[in-house]
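> just need the structure, nothing else, for what follows:
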Amino acid sequence: MKFVYCTCNLSKKEEVIKTLENAGILDYQIIDEVPAKPMLGSPRLNTAVWPGYNCIILMQFSDDKAADNIMIRLKTMNAEAENKAELITACSLPMDDYFYE
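So this is what the prediction gives:
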């Protein structure tokens, strides 16, 4: 079982969601309007000085292969990105428990 944390610029949100849905992943959570200071590019603090913000997309997987597939797809999106300041950050973590009852 794995937990996947993904954060990206708001401009990439719809592309990430489309990637998830094309992979058959329909169970995820979104946290919008997250101020962020990415490693590349300008801060996104949703202020007049630093406009913009990130979103967080959270996913839980009982199937490790599905989680690995999503990580590969997100990594591919980064490899194909034209603007390096809008790269996706993602990590996967093992989970001890996962239930939906």
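
> what stretches of the chain score poorly on pLDDT?
Low-confidence segments of the chain, defined by pLDDT under 70, are located at 101.

> in three-state terms, how would the spatially most central residue of it be classified?
With distances taken as CA atoms, centre = their mean, the chain has Cys6 as the residue nearest its mean C-alpha position (2.5 Å). When states are read from DSSP: H, G, I helix; E, B strand; the rest coil, the local structure at Cys6 comes out as strand.

> so it sits against Met59, correct?
Yes: counting by CB atoms under 8 Å, Cys6 sits close enough to Met59 to count as a contact (7.4 Å). The C-beta positions use only the backbone N, C-alpha and C, and glycine is treated the same way.

> next up, the contacts around the residue nearest to the centre of the chain.
Taking CB atoms under 8 Å, 6 or more residues apart in numbering as the definition of contact, the neighbours of Cys6 are 16, 56-59, 74, 88-90.

> in PyMOL, how would I select the buried members of those?
For anyone working in PyMOL, the buried entries among the contacts of Cys6, judged by 16 or more other CB atoms under 10 Å, can be selected with:
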select buried, resi 16+56+57+59+74+88+89+90
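
> please flag which of the contacts of Cys6 sit within strands.
Here DSSP state E is the test, and those give 56-59, 89-90 as lying in strands.

> same list (those residues) but as TSV, adding distance to Ala36.
Listed next are the ones in strands among the contacts of Cys6 as TSV, based on distance: CB to CB, whole Å:
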residue	distance to Ala36
Ile56	9
Ile57	13
Leu58	15
Met59	19
Thr89	9
Ala90	14
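
> now the two most distant members of these.
Greatest spatial distance in the ones in strands among the contacts of Cys6: Met59 and Thr89, 14.0 Å, computed using CB to CB.

> buried sites along the longest helix along the chain?
Of all the segments of type helix in the chain, defined by DSSP state H, the longest one is helix 64-80. Judged by neighbour count using 16+ other CB under 10 Å, the buried positions of helix 64-80 are 66-67, 70-71, 73-74, 77.

> quick check, nearest of the residues you listed to Val49?
Comparing every one of the buried residues of helix 64-80 with Val49 (CB to CB), the shortest separation belongs to Met77, at 28.7 Å.
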